[in-house]
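# coords please:
(chains A and B)
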Amino acid sequence: GQNIDQPTEMTATEGAIVQINCTYQTSGFNGLFWYQQHAGEAPTFLSYNVLDGLEEKGRFSSFLSRSKGYSYLLLKELQMKDSASYLCAVRGGGGYNKLIFGAGTRLAVHP
Amino acid sequence: EAGVAQSPRYKIIEKRQSVAFWCNPISGHATLYWYQQILGQGPKLLIQFQNNGVVDDSQLPKDRFSAERLKGVDSTLKIQPAKLEDSAVYLCASSLIQGRNYGYTFGSGTRLTVV
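Below is the predicted model of the structure:
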C-alpha cells in the first residue's frame, strides 16, 4: 500500500523555527516534494528532494532519508504569512510522474 | 509564463445535477492531472493524461465522473449525477515530462458545493 503521514496541526511563534515531519511508505520512490497551500488557494511548490540530505532555499530547508522513509521541512525566522498547510508528496516508481499527497500539516504562526 | 487556468472558480449545484470544469495547462506541458481535495485532506489524483491519452484513472469514479483532453491541450472534467460527497475543490495541474524535478504547477481550483 501507499501511506504518507504528517502531523495534522502545529503552532509556532513568529521568528521561531519549526520542523514539519513526513514519513512515507510507497511502492517505489522517485522524489519527495513539499508544497505550501494557503486557505482557499492552490498548492505552490516549495522544495524537492531525490537524494539523501538537506536542500536549502532561503528560510526553507528540506531533508530526506530514503532508508528511513522520512523527510522534514524546516522553516526558519517564521513570519505570520507562513501560516498555511504544508503538503508532503511522494513520486512513486513506475514512471508517469504521479504524485501521492499526504493530508497536510496546518501550521499556525502566532505573534 | 502564464499559469494553469481553471474555470469556473466556484460552483453550487443540487445533488443529481451535472457539472463540468475546464482546465487550460501551461503551454508545452504534456502531462495534465485532475485532483480532488476534500476539506482538511490532501489532494487525491482522479485522472492523469499524457498528451491526450489517459495514463492513470484508477481512482476516478467512472460511474459518474468523466474527463477528456482534446488535442492534448485543454481538459474538461464532468460529474453526472453529482452526490453530496463530491463537494470538494477540484484542482488541475500540469507538468513537463523532462526536467530536474517534474514539479507540478497547480491552477487555482474550482470549489464545488453540492447541496
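# Could you give the separation of the least confident helix or strand in chain A by mean pLDDT from the chain centroid?
Lowest by mean pLDDT, DSSP states H and E among the helices and strands of chain A is strand A:99-101, with a mean of 90. Relative to its parent chain, strand A:99-101 has a centroid offset of 11 Å by CA atoms, centre = their mean, to the nearest Å.
# I'd like to know how many residues surround residue B:103.
Residue B:103 has 20 neighbouring residues, counting by other CB atoms under 10 Å in any protein chain shown. All C-beta atoms are positioned from the backbone trio N, CA, C, and that covers glycine.
# What helix or strand is it located in?
Assigned by DSSP states H and E, residue B:103 belongs to neither a helix nor a strand.
# Ignoring the adjacent residues along the chain, who's closest to it?
Spatial nearest neighbour of residue B:103, chain neighbours left out: residue A:45 (4.8 Å); criterion: CB to CB, 6 or more residues apart in numbering or on different chains.
# Roughly how far does that neighbour sit from residue A:57?
Applying CB to CB, to the nearest Å, the value for residue A:45 to residue A:57 is 11 Å.
# do residue A:25 as well
Distance of residue A:25 to residue A:57, computed by CB to CB: 27 Å.
# swap in residue B:52?
Taking CB to CB, one finds residue B:52 at 35 Å from residue A:57.
# Look at these two and report which has more neighbours.
With neighbours defined as other CB under 10 Å, residue B:52 and residue A:57 compare such that residue B:52 has more, 14 against 10.
# Show me what counts as buried in stretch B:75-82.
For stretch B:75-82, the neighbour count (16 or more other CB atoms under 10 Å in any protein chain shown) marks B:75, B:77, B:79, B:82 as buried.
# now do stretch B:14-24
For stretch B:14-24, by 16+ other CB under 10 Å, it's B:19, B:21, B:23-24.
# List the residues that contact residue 43.
Unless you meant another one, I'm taking chain A. A:35-37, A:87, B:43, B:91, B:104, B:106 (CB atoms under 8 Å, 6 or more residues apart in numbering or on different chains).
# oops, chain B please
So residue B:43 contacts A:43, A:87, A:101, B:35-37, B:91 (CB under 8 Å, 6+ apart).
# Mind doing that once more with 6 Å?
Residue B:43 makes contact with A:101, B:35, B:37, B:91, according to CB atoms under 6 Å, 6 or more residues apart in numbering or on different chains.
# hey, what's the third one bridged with?
Looking back up the chat, that one is residue B:37. residue B:89 (DSSP bridges).
# That one: neighbour count?
Residues within reach of residue B:37, counting by other CB under 10 Å, total 22.
# Residue B:25 against residue B:32, yeah?
Yes. In this structure, residue B:25 is within contact of residue B:32 by CB atoms under 6 Å, at 5.1 Å.
# Now list whatever residues contact both of those two.
residue B:94.
# Output the strand or helix carrying residue A:73 in PDB, but only the C-alpha positions, please.
Element membership of residue A:73 [criterion: DSSP H and E] is strand A:70-75. Taking only C-alpha atoms (Å, rounded to 0.1, in the frame of the first residue of the first chain), the coordinates of strand A:70-75 have been written out as PDB:
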ATOM      1  CA  TYR A  70      11.500  10.100   6.300                       C
ATOM      2  CA  SER A  71      11.600  13.800   5.300                       C
ATOM      3  CA  TYR A  72      11.200  17.100   7.100                       C
ATOM      4  CA  LEU A  73      10.600  20.700   6.200                       C
ATOM      5  CA  LEU A  74      12.300  23.300   8.300                       C
ATOM      6  CA  LEU A  75      11.000  26.800   8.400                       C
END
